[in-house]
Structure formats: structure tokens, C-alpha cells
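Novice: Here is the input, now give the coordinates:
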Amino acid sequence: PRTIARPLVFNFVPSIDRYIFKLVVVPMLGVFALAASLLTLDKMLRLFDFVAVEGGPVGVVFKMLGALIPEYASLAIPLGLMLGILVAFRKLATSSELDVLRAVGMSYGRMLRMPYIITAVLMAVNVALVFYVQPISRYYYEQLEYELRSGALGASIKVGEFTTLADRMALRIEESEDDGTRLKGIFARVSNDKGQILSISAREGSFLATTDSPDTIILRLDDGTIVQDMGNQSPRVLAFTRQYLPIDLPAIEEFRARGDAEREYILPELLRIGWNSGESEARRDASQASFNFRLVEVVMMALLPLLAVSLGIPPKRSTSALGVFVSIVMVVSYHKINQYGEDLAALGRFDPILALWGPFVLFAALIGWMYYRVAHVPGGQAIGALESWFAKIAKRLGRLFGRRRMRDETAHPDTQGGTPLDPVPAE
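Specialist: Numbering: from 1, shown residues only. Have a look, this model is predicted:
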């Protein structure tokens, strides 16, 4: 029979590793997509409200969301990695495939070879995100927010409201079409140094840029009227078909340089500031705290495969998913503890090594003990006591609802499930 040649790369990867890779990657990518969608949708609603209040263009919302993707990715990657491995080993355990692999002499360490290769790749990605990409994207997000508030993105003139420009002009626009290029129902009130006031109304108009003065734009008006208040003299009225009105834009301060907060520093800058005796103690503490926080969050990912195996294998003859819930609680709680430790270290109250690496050592010791119980103790369970307590609670709740259902059926013997029984005709 003719044999089909496989690609060379698959010849070096054993079939069991390819199988585990498939089991891990599918749920991992699903968790990535779900977590990113939830975080993005929540932030998108807030950004739409913020942009609507500031009167900015809708396109800036997607730019700001794009700037937040690296921050969300650094949170979703560890969670997706852990849940992907956990779901994979849970499937192996519930389908008895894990028992077969153990029976042929395959250890947990051997089965974790492919998950650790995936972990190493994702750790490298996370290093690039938290030390380089995320600080730059965070600064870009702050810059967009500043420009939106200051009006540099065209957000200073709001439809249906009076807007004051350069303290001498009030402008109101009834409608805006074609992304702001066509304006309708324009009213402007302009005053000069001589005390004269011009009241201008026009049917429609548009803004035009000038090449000679970037701080001035031209408002072209079509089909309108100008009323000039001359003070003691009677006002003059002028009708026009087209009129050009120069508008001086308000001065906008240049956005600050990157580095207002330690989270905007990349890795070389953190090392340069954190261990520089010429910097102030407050800056050194904050930089060292930020560096250790980012580093410990990345190193913690090396423990996630062990945690996933410890909590992903349910007790025998059980399909309990309690380990999934416990794993999420542990990872999220540890992340919050690290954030609190970073804040304390940045204030100089604790040494960064103690505040951030102390919890890491305790977390690693707990995961090591849990993995030892599952991998090297026959019949051992990492959360056996918790599983037993949870099973007892579930049985009691089941009995409680079962008794209540029996009481309802006893109180209404002529019904079953809420449907009256048909009477039996007499013979």
C-alpha cells in the first residue's frame, strides 16, 4: 500500500504530544477570545459614552481600544493558558484516557512536556508585552484621551450647543452631516475690540483648513444674514450668498512626555532609574516596584501548568468542576495581592523583594504541594477535602429540593407535574 509522507516537523513530535497540544490549544484560544471580548465590550461602552460627552469622532473609540489590547492581552494570556491546560487534563481524566497513559508508564512530567513548550512561548510573548509594548500603548491611550478632552481631535465644537472660541466668539450648529464636513443651521456671535458685535446666521456651511496659519480655520457660510451692532447707531443688516469667517483656534498645550508614571517605562528605563543613585528615593522605589511586579507576573506563568494539572483532575467516578472555579479564584487573588504589594513597595513601605516575591514563594510552595499530592500520592487529591465538602452540600441541597417536590405532590394527589389526571370511567 502507498504511504503518505508527513511533513518533516511532525516526524519529530510524538503523537501523544500532538494530541495534548490539540486538547490545550482549542480551549485556550476560546478563553483568549472570551476574555478579550468581555474586557473590550465593557471598555467600549464607557469609551462611547466618554467620546459622546466630549463630542469627539467615533473613530477615536477604536483607536483607544486598540491601545488597550496589549494590557488586556497580558491579563488574558495567563488565564487562558491555565484554563486550556486544565480543561485538557480534565478531559483526559473524565474519559479514562489519563488512566491508560498512566498504566503504560507515562508520568505527569512527560505529559506536561507540550504544555510547558506552549508556556515558554507565551511567557516570551508576555515579556514583550509587559516590558515594551504595554508601556508605549498606555502612553498612546493617555495621549488620545488628552487630545479628546482638549479638542485637538476636532471635539471642541458640539452639535446643538453653544461653543465659545477664543473668548470672543460663540458658535452654535444645529446639524452635522458627512462626518462634520457639512454643517446646517449655523449661528455665530462675534465681538471685536471696538465693542462691535456681529450676529451671523447661515443655512449651511463647512470648515476649511488654511495652509499659512495652522492655528486658524475658515468657516465658509452659505445663504445667510449678518447683523452688525454699531452701539449707539442703528444696526446694519447684510444678506449674503457666501461668506468666509476666520476662526482662531484655542491654544492647546503639547501633551506631556512619556514617563509620567512608572507603568509607561520600558525595561531599559526601569533598570536605569531603579538602580541609579542619582535619582530620588521615591522614583527608585516606584521603578523597582514596577519592575518586580512585571517580572513576577511573568515568572508566575511557569507555575500554571502544575496548578492546572492539580485542579483539573476530578476525584474518581466524579465529574466535579470545582477545580475550575478554584483555579480562577487563586489566579485572580494572586494578581490582586501582587498589585497591592506593588503599591506598598512604590510608597517605600516595604522592600519590593519582600512585597512581591514573598507571596510568589508561598504561592509556588502551595502549588508544589498540590501537584505532589496528585502526581506522587496514590489516589491523592489537591482539594480532596473541599471536593468532599462540596459533594455533601450538593447532596443536602438535592434532598431538600426533593423533599419539597414530594410535599407538593402529596398536597395535590390529583396532579402530576401540574397536569390534571383524566378520570377513569366507571364500568
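
Novice: Helices of the protein, residue ranges please.
Specialist: Ranges of helices within the chain are 8-11, 15-54, 59-94, 97-103, 108-111, 113-128, 134-150, 267-274, 281-299, 304-312, 322-346, 352, 358-376, 384-411, based on DSSP state H.

Novice: Could I get these in a markdown table, plus columns for distance to Ile200 and mean neighbour count?
Specialist: Backbone N, C-alpha and C define where each C-beta goes, glycine included. Formatted as a markdown table, the helices of the chain follow (distance: least, Cβ to Cβ, whole Å; neighbours: other Cβ atoms under 10 Å):
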| stretch | distance to Ile200 | mean neighbour count |
| --- | --- | --- |
| helix 8-11 | 72 | 8 |
| helix 15-54 | 26 | 15 |
| helix 59-94 | 30 | 20 |
| helix 97-103 | 79 | 14 |
| helix 108-111 | 78 | 16 |
| helix 113-128 | 55 | 17 |
| helix 134-150 | 26 | 19 |
| helix 267-274 | 52 | 17 |
| helix 281-299 | 53 | 20 |
| helix 304-312 | 66 | 27 |
| helix 322-346 | 55 | 17 |
| helix 352 | 62 | 25 |
| helix 358-376 | 66 | 16 |
| helix 384-411 | 74 | 11 |
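
Novice: Please name whichever of those helices is nearest to Glu254.
Specialist: helix 134-150 (9.8 Å; Cβ to Cβ).

Novice: Give the residue spans of the stretch 101-250 of the chain that score low on pLDDT.
Specialist: For the stretch 101-250 of the chain, the stretches with pLDDT under 70 are 150-158, 165-167, 179-180, 193, 213-215, 231, 249-250.

Novice: Likewise for the stretch 301-427 of the chain?
Specialist: Counting by pLDDT under 70, the stretch 301-427 of the chain shows low-confidence ranges at 384-385, 387-388, 390-391, 394, 402-427.

Novice: same thing but at 90, please
Specialist: Across the stretch 301-427 of the chain, the ranges flagged by pLDDT under 90 are 312-325, 348, 375-427.

Novice: ok, now how distant is Ile313 from Leu219?
Specialist: 71 Å (Cβ to Cβ, to the nearest Å).

Novice: now swap in Val121 and tell me
Specialist: Val121 is 56 Å from Leu219, by Cβ to Cβ.

Novice: so Gly185 makes contact with Glu175?
Specialist: Yes. Judged on Cβ atoms under 8 Å, Gly185 makes contact with Glu175 at a distance of 5.7 Å.

Novice: Between the two, which has more neighbouring residues?
Specialist: Gly185 (16 against 12; other Cβ atoms under 10 Å).

Novice: contacting residues around that one?
Specialist: With contacts defined as Cβ atoms under 8 Å, 6 or more residues apart in numbering, the neighbours of Gly185 are Ile173, Glu174, Glu175, Arg203, Glu204.

Novice: what do you get for Leu34?
Specialist: With Cβ under 8 Å, 6+ apart, Leu34 has no contacts at all.

Novice: Make 824 the starting number, not 1.
Specialist: Sure, I'll start numbering at 824, so the last one becomes Leu857.

Novice: Got the confidence number for it?
Specialist: On the pLDDT scale, Leu857 is placed at 89.

Novice: From Tyr895, how far out is it?
Specialist: Going from Leu857 to Tyr895 by Cβ to Cβ gives 12 Å.

Novice: can you check Gly1135 too?
Specialist: According to Cβ to Cβ, Gly1135 and Tyr895 sit 25 Å apart.

Novice: And for Ala1011?
Specialist: 44 Å.

Novice: what's around Thr1033, how many residues?
Specialist: Thr1033 has 11 nearby residues by other Cβ under 10 Å.

Novice: how about the nearest residue to it, chain neighbours excluded?
Specialist: Take Thr1033 and drop its neighbours on the chain: the residue closest to it by Cβ to Cβ, 6 or more residues apart in numbering is Thr1039, 5.5 Å away.

Novice: Bridged to the one you found, which residues?
Specialist: Asp1071 (DSSP bridges).

Novice: Pull the contacting residues for it.
Specialist: Thr1033, Pro1069, Ile1070, Asp1071, Leu1072.

Novice: Ramachandran angles for the first one?
Specialist: Pointing back at Thr1033 there. phi -110, psi 140 (degrees, to the nearest 10).

Novice: so it sits right up against Ile1040, yeah?
Specialist: Yes. When contacts are counted by Cβ under 8 Å, Thr1033 is listed as touching Ile1040 (6.5 Å).

Novice: export the helices of the chain to CSV and tack on distance to Phe1063?
Specialist: CSV is the format used below for the helices of the chain (distance: least, Cβ to Cβ, whole Å):
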stretch, distance to Phe1063
helix 831-834, 74
helix 838-877, 33
helix 882-917, 34
helix 920-926, 83
helix 931-934, 82
helix 936-951, 60
helix 957-973, 33
helix 1090-1097, 58
helix 1104-1122, 60
helix 1127-1135, 71
helix 1145-1169, 62
helix 1175, 69
helix 1181-1199, 73
helix 1207-1234, 80
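
Novice: so which of these comes closest to Thr987?
Specialist: Comparing the helices of the chain by Cβ to Cβ, helix 957-973 comes nearest, at 14.5 Å.

Novice: Convert the C-alpha atoms of the closest one to PDB, please.
Specialist: C-alpha atoms of helix 957-973 as PDB (Å, rounded to 0.1, in the frame of the first residue of the first chain):
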ATOM      1  CA  GLN A 957       2.200  47.800  27.000                       C
ATOM      2  CA  PRO A 958       4.100  51.000  28.300                       C
ATOM      3  CA  ILE A 959       4.100  52.500  24.800                       C
ATOM      4  CA  SER A 960       0.400  51.700  24.100                       C
ATOM      5  CA  ARG A 961      -0.600  53.000  27.500                       C
ATOM      6  CA  TYR A 962       1.100  56.300  26.800                       C
ATOM      7  CA  TYR A 963      -0.700  56.500  23.400                       C
ATOM      8  CA  TYR A 964      -4.000  55.900  25.100                       C
ATOM      9  CA  GLU A 965      -3.400  58.700  27.600                       C
ATOM     10  CA  GLN A 966      -2.400  61.000  24.700                       C
ATOM     11  CA  LEU A 967      -5.600  60.200  22.800                       C
ATOM     12  CA  GLU A 968      -7.600  60.900  25.900                       C
ATOM     13  CA  TYR A 969      -5.900  64.200  26.400                       C
ATOM     14  CA  GLU A 970      -6.400  65.300  22.800                       C
ATOM     15  CA  LEU A 971     -10.000  64.300  23.000                       C
ATOM     16  CA  ARG A 972     -10.600  66.400  26.200                       C
ATOM     17  CA  SER A 973      -8.600  69.400  24.800                       C
END
